[in-house]
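Novice: Build the 3D model from these lines:
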Amino acid sequence: MTTQAAAKELIARLVAFDTTSHLSNVPIMDFIRDYLARHGVESTLLPDETGEKVNLFATIGPLDRPGVALSGHTDCVPVIGQPWDTPPFTCTQKDGLLYGRGTCDMKGFVAICLAMVPRFIEAPLLTPIHLVFSYDEEIGCTGVRPMIEKLGTDLPLPKAVIVGEPTGMEVVDAHKGISDFSTEIIGHESHSSMDLVAGNALVAGARFIGELMRLREQYVSRGDASGRFVPPYTSIHAGQINAGTATNIVPRRCEIGWEVRSLPEHKSTDVADAMADFCARELLPVLQAASPDTYIETVMKVDAPGLAPDPGSLAETLAKRLSGHNDTHTVSYATEAGLFQLAGSPTVVCGPGGIAQAHRPNEYISLAQVDTCLQFMEKLAQTCRAGL
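Specialist: Coordinates of the predicted model:
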């Protein structure tokens, strides 16, 4: 069987596991563990406290030194409500494309890593290659964190990390961070004929969103000093609002979901702090004039750090050499890369497929991208055979 055929077969096997983030990923990790074991590679499984989610760390090559980590997540986004032309959890090939949920984001990369295992073993490797597969990336890069905490103690700290999110096999050395917030405003319920605007949580929520948009304009005007990001600024977005029960009732409660996608040099907490100050200064005094039981509370639900450029790092120079590209790029979506970087491992993002195909119905990866990634991995095997 050719390596491409092995990769195609493994993509199909992995896609067949429904690993939507609210479900367990144990079955797919059991499959990966057993596959590696058949090739003589031991895996360390790191379950969460429920036992329903698990990370996997495996090393091919010598165990007494750090190596190059290939990192991918095993969860995927939901398909509910999406108009698929093919069964989403069946890999379907048509016109040189492999369709199925996760083919692009990012079971394709994981499958390619697995397909290369026999080649990595055959090399043999002087510098080890680590396989680092996680859960719950799609809901805030939460699953990988307990595994990253063990790097450098229970697990080796990689000397370089390549996160295989879809970049078209371009080398990405920087991306924005993402923070999701939920703000709950509790006002004072009354009959609308009394016109008690002071206690109206929905009105307070509207003012809250207005201030968010004012802050957004400040960040737009500050722009992106690097000139590399699209859009070229830290973005602030209000995406959800839930308030009120009837038009003749002054709303007691308003909940707002909002996010910040920050440039690497910016902190989303600065926005949260500014909004907390605005609430204390402008909104709470009005609400509490209606009732002392009113309050405003903001909770950070997701916080994934950005990836900062690290010119000349081992990860960057290695990925450039393996991909054949001399330049680097940025993306505005978030990945687990920033977490590896904060843990002390130089990290880049480089993987097959395009982000435009991710999260949508009829998600796909092209066989051309599979082949390009396999060539990248073959060069990695040769490089690690000689040693880094």
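Novice: buried ones in the lengthiest helix in the chain?
Specialist: Taking DSSP state H as the criterion, the chain has its longest helix at helix 201-222. Buried residues in helix 201-222, counted by 16 or more other Cβ atoms under 10 Å: 201-205, 207-209, 211-212, 215-216, 219. All C-beta atoms are positioned from the backbone trio N, CA, C, and that covers glycine.
Novice: With stretch 138-155 instead?
Specialist: Within stretch 138-155, the residues that count as buried by 16+ other Cβ under 10 Å are 138, 140-145, 147-148, 150-151, 155.
Novice: Report the rounded mean pLDDT for that stretch.
Specialist: Averaging pLDDT along stretch 138-155 gives 96.
Novice: and the end-to-end length of that stretch?
Specialist: In stretch 138-155, first residue to last residue: 24 Å (Cα to Cα, to the nearest Å).
Novice: name the helices or strands packed onto the longest helix of the chain?
Specialist: In terms of contacts (3 or more Cβ pairs under 8 Å, 6 or more residues apart in numbering; DSSP states H and E), helix 201-222 is packed against strand 177-186, strand 235-243, strand 253-262, helix 268-278, helix 284-290.
Novice: Need those in JSON lines (columns: mean pLDDT and mean neighbour count).
Specialist: Below are those laid out as JSON lines (pLDDT from 0 to 100; neighbours: other Cβ atoms under 10 Å):
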{"stretch": "strand 177-186", "mean pLDDT": "97", "mean neighbour count": "21"}
{"stretch": "strand 235-243", "mean pLDDT": "97", "mean neighbour count": "15"}
{"stretch": "strand 253-262", "mean pLDDT": "97", "mean neighbour count": "21"}
{"stretch": "helix 268-278", "mean pLDDT": "97", "mean neighbour count": "17"}
{"stretch": "helix 284-290", "mean pLDDT": "95", "mean neighbour count": "16"}
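Novice: In CSV, list those along with distance to Gly306.
Specialist: Formatted as CSV, those follow (distance: least, Cβ to Cβ, whole Å):
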stretch, distance to Gly306
strand 177-186, 4
strand 235-243, 12
strand 253-262, 6
helix 268-278, 9
helix 284-290, 32
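Novice: right, so of those, which gets closest to Ile162?
Specialist: strand 177-186 (19.5 Å; Cβ to Cβ).
Novice: now the closest one against helix 268-278, angle please.
Specialist: With axes from the mean of the first three to the mean of the last three Cα atoms, to 10 degrees applied, the angle from strand 177-186 to helix 268-278 works out at 20 degrees.
Novice: What angle do strand 235-243 and strand 177-186 make with each other?
Specialist: 30 degrees.
Novice: What lies in contact with strand 177-186?
Specialist: 140, 201, 204-205, 208, 252-262, 264, 268-269, 272, 275, 283, 287, 293-306, 333-334, 338 (Cβ atoms under 8 Å, 6 or more residues apart in numbering).
Novice: re earlier: tabulate the buried residues of helix 201-222 (JSON lines), appending pLDDT and distance to Ser226.
Specialist: As requested, these are exported to JSON lines (pLDDT from 0 to 100; distance: Cβ to Cβ, whole Å):
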{"residue": "Ala201", "pLDDT": "97", "distance to Ser226": "40"}
{"residue": "Leu202", "pLDDT": "97", "distance to Ser226": "39"}
{"residue": "Val203", "pLDDT": "96", "distance to Ser226": "39"}
{"residue": "Ala204", "pLDDT": "97", "distance to Ser226": "37"}
{"residue": "Gly205", "pLDDT": "98", "distance to Ser226": "35"}
{"residue": "Arg207", "pLDDT": "98", "distance to Ser226": "34"}
{"residue": "Phe208", "pLDDT": "98", "distance to Ser226": "31"}
{"residue": "Ile209", "pLDDT": "98", "distance to Ser226": "29"}
{"residue": "Glu211", "pLDDT": "98", "distance to Ser226": "27"}
{"residue": "Leu212", "pLDDT": "98", "distance to Ser226": "24"}
{"residue": "Leu215", "pLDDT": "98", "distance to Ser226": "21"}
{"residue": "Arg216", "pLDDT": "98", "distance to Ser226": "19"}
{"residue": "Tyr219", "pLDDT": "97", "distance to Ser226": "14"}
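Novice: packing partners for the helix or strand that Arg119 is a member of?
Specialist: Secondary structure from DSSP states H and E places Arg119 in helix 117-122. The helices and strands touching helix 117-122, judged by 3+ Cβ pairs under 8 Å, 6+ apart, are strand 54-60, helix 367-386.
Novice: and those, which is most packed in?
Specialist: Per residue and on average, the most neighbours among the helices and strands packed on helix 117-122 fall to strand 54-60, with a mean of 23 (mean count of other Cβ atoms under 10 Å).
Novice: angle of that strand against helix 367-386?
Specialist: Using the same axes, to 10 degrees: strand 54-60 against helix 367-386 is 50 degrees.
Novice: re earlier: show me what counts as buried in the helix holding Arg119.
Specialist: Within helix 117-122, judged by 16+ other Cβ under 10 Å, the buried ones are 117, 119-121.
Novice: just stretch 2-17 next, same as before
Specialist: Here stretch 2-17 shows 3, 6-8, 10-17 as buried, counting by 16+ other Cβ under 10 Å.
Novice: Tell me how far Trp258 lies from Leu23.
Specialist: 27 Å (Cβ to Cβ, to the nearest Å).
Novice: wait, Glu49
Specialist: According to Cβ to Cβ, Glu49 stands 17 Å off from Leu23.
Novice: For the two, work out which one has more neighbours and name it.
Specialist: Leu23 (16 against 7; other Cβ atoms under 10 Å).
Novice: The more buried one belongs to a helix, doesn't it?
Specialist: No: assigned with DSSP: H, G, I helix; E, B strand; the rest coil, Leu23 falls outside any helix and is coil.
Novice: No more questions from me, cheers.
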